[in-house]
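> Compute the structure for the input listed below.
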Amino acid sequence: MQRHGWSTARAGNEAPGRDRIPVRPVARVLPCVLPRGWACLLACVAAWVLMMAQAMPVAAQPDQTQPDQTQQVQPQPDQIQAEQVQPVPVRGVRPGPTGLVFVAQQYPPFNYMERTDTGEQLAGPMPEIIGMACRRMGVGCAFRLLPWARAQQEVRNGAADGIFTIGHVPERETWLHFCPPLVRAEYGFFVRMENPLRYVTPRDVAGYRVGVYGPSLTADILNQLARQVPMTVDAAPDNDSGFLKLAQGRIDAVFSNRENGLAIIAQLRIANLRYAGWHNRLDYTIAFSRHAAPEAVAAFEAALRDLHREGELQRCLARYGLQSAYPEADGDRRRGRPQGGMSPAFVPMADFAGDPASGMLTD
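All right, here's what the predicted structure looks like:
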């Protein structure tokens, strides 16, 4: 049916007699009302508006996805900076400019290298204590395991900020600032199981051939004893050699730090050696290079005081079977100096400090 030039159609599901919406284009309708020129112009405008309306969502699509791309890129600088201030207890890794670098030697159980699923890292109570102090300061810390002579040299020239595990002797004060004493330690003699020795005085080891790690502070102590009683000092450039020789019966005893000696015996799985008695005691600590920033040293020592006051320092050492030497209160003892008992034949520290010029002293 046609009505006023409009065509209609019926859908299959529409009731009979009902007209559908006209389907003729606007340009076919307008001539009934407007002149042909105006009709064409309006038809073009309508077509242009329709095309723009369809194109606008497509043009806006890149703007909608832009925020997602920004979210994926922007957080990266923040993540990198967060990693820089975290403690990094991995050998040879230097932290960011706000971090501290510490050097040490292989000296179990105080500090030693261990393998993990992610690589090698320095372990032991001393690195743990340093890590806790650095976290309280809000800075990173890195550790480098080096031969002892090189470790001392790096602290001397300022290439490293601090060094551990180390004993306080006066000659070192010219190039080191010592923190308060942290852990108790003692030096004594190891012998074979069948040897009934119970060490009390140097006369007990007269005539012995005694192994020792040197050059070191430990070797200096033994050399001083050798000037009091006849004995042969057998120095080796590493800690293991003397204990292996003793286990094989090639020497009569080893003079060593007690805790370090027991740790080496356990690592080497030696079953025929024992500790025969102590000669002197010396507290270990951490020391800073004279090149280190005084503000950083002061903040580090403040963190140590907090750890001691809260019991964290004592608990950390106890996990390794060690005892804290941190002063209970100011004035209880002179900071960082040797403490504890001594055998009747103890030699004062000033007498066996070694060669001050070389500075090649250990522990």
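
> show me the contacts for the closest residue in space to Val210 that isn't next to it in sequence.
Once flanking residues are discounted, Val210 sits nearest to Ala253: 4.8 Å by CB to CB, 6 or more residues apart in numbering. For every residue, glycine as well, the C-beta is placed using N, CA and C. Neighbouring residues of Ala253 by CB atoms under 8 Å, 6 or more residues apart in numbering: 189-191, 195, 197, 205, 208-211, 246, 276.

> Dihedrals phi and psi, Arg135?
phi -60, psi -40 (degrees, to the nearest 10).

> Distance of it relative to Tyr112?
21 Å (CB to CB, to the nearest Å).

> Settle it for me: which of the two has more neighbours?
Tyr112 (19 against 15; other CB atoms under 10 Å).

> Please verify my assumption that the more buried one contacts Leu122.
Yes. Between Tyr112 and Leu122 there is a contact at 7.3 Å, judged by CB atoms under 8 Å.

> Would you map the helices across the chain?
Using DSSP state H, the helices of the chain run over 26-29, 36-73, 75-84, 125-137, 148-156, 217-226, 239-247, 258-268, 294-309, 312-318.

> Confidence-wise, which of those helices is weakest overall?
Mean pLDDT across the helices of the chain is lowest at helix 75-84; the value there is a mean of 30.

> In terms of pLDDT, where does the residue nearest to Val210 sit?
Note on Ala253: pLDDT of 98.

> going forward can the numbers begin at 40, since that is how I track them
Shifting the count to begin at 40 puts that one at Ala292.

> Would you mind measuring from it to Gly316?
For Ala292, the distance to Gly316 - CB to CB - is 11 Å.

> Mind listing the shared neighbours of the two?
228, 236.

> In contact with Ala265, which residues?
271-272.

> longest strand in the chain, by residue count?
strand 312-320 (DSSP state E).

> Now do it against helix 297-307: the angle between them, please.
Strand 312-320 runs at 160 degrees relative to helix 297-307, counting by axes from the mean of the first three to the mean of the last three CA atoms, to 10 degrees.

> helices and strands around strand 312-320, which ones?
strand 225-231, helix 256-265, helix 278-286, strand 292-296, helix 297-307 (3 or more CB pairs under 8 Å, 6 or more residues apart in numbering; DSSP states H and E).

> Of all the ones you listed, which one comes closest to Asp322?
strand 225-231 (9.9 Å; CB to CB).

> List the contacts of the closest one.
Outside strand 225-231, the residues that touch it by CB under 8 Å, 6+ apart are 236, 238, 244, 249, 257, 260, 282, 285-286, 288, 291-297, 300, 304, 311-321, 379.

> hmm, which of the residues you listed are the buried ones?
Among the contacts of strand 225-231, the ones that count as buried by 16 or more other CB atoms under 10 Å are 236, 238, 244, 249, 257, 260, 282, 285-286, 291-297, 300, 304, 312, 314-321.

> quick one on the thing from earlier: and of the helices and strands packed on strand 312-320, who's closest to Gly206?
helix 256-265 (6.1 Å).

> What are the buried residues along the closest one?
So helix 256-265, judged by 16+ other CB under 10 Å, has buried residues 256-262, 264-265.

> Just flag the most distant two among those residues.
Farthest pair in these, by CB to CB: Leu256 and Ala265, 15.1 Å.

> Make JSON lines from the helices and strands packed on strand 312-320 and add distance to Leu185 to it.
Shown next, in JSON lines, are those (distance: least, CB to CB, whole Å):
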{"stretch": "strand 225-231", "distance to Leu185": "23"}
{"stretch": "helix 256-265", "distance to Leu185": "17"}
{"stretch": "helix 278-286", "distance to Leu185": "15"}
{"stretch": "strand 292-296", "distance to Leu185": "19"}
{"stretch": "helix 297-307", "distance to Leu185": "17"}
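
> nearest to Val194, of these?
Once the helices and strands packed on strand 312-320 are compared by CB to CB, helix 256-265 is nearest, at 15.6 Å.

> Can you tell me which of the helices and strands packed on strand 312-320 is nearest to Glu334?
So among the helices and strands packed on strand 312-320, helix 256-265 is nearest, using CB to CB, at 30.2 Å.

> show me what contacts the closest residue to Gly250 other than its chain neighbours?
Once flanking residues are discounted, Gly250 sits nearest to Gly281: 3.0 Å by CB to CB, 6+ apart. Taking CB under 8 Å, 6+ apart, we find Gly281 in contact with 250-252, 273, 275, 290, 293, 295.

> Now intersect the residues you listed with the strands, please.
Mapping the contacts of Gly281 onto strands (DSSP E) picks out 250-252, 273, 275, 293, 295.

> quick one: which of these is most hemmed in?
Result: Val293 is most packed of the ones in strands among the contacts of Gly281 (other CB under 10 Å), 31 neighbours.

> hang on, isn't that residue packed against Val251?
Yes. Judged on CB under 8 Å, Val293 makes contact with Val251 at a distance of 6.9 Å.

> Can you report how many residues lie near Pro147?
Pro147 is flanked by 19 other residues according to other CB under 10 Å.

> scratch that, Gln145 is what I was asking about
Neighbours around Gln145, by other CB under 10 Å: 17.

> Nearest spatial neighbour of Gln306, chain-adjacent residues omitted?
Nearest residue to Gln306, sequence neighbours excluded (CB to CB, 6+ apart): Pro147, at 6.8 Å.

> mind listing what that neighbour touches?
Contacts of Pro147 by CB under 8 Å, 6+ apart are 163, 299, 302-303, 306.
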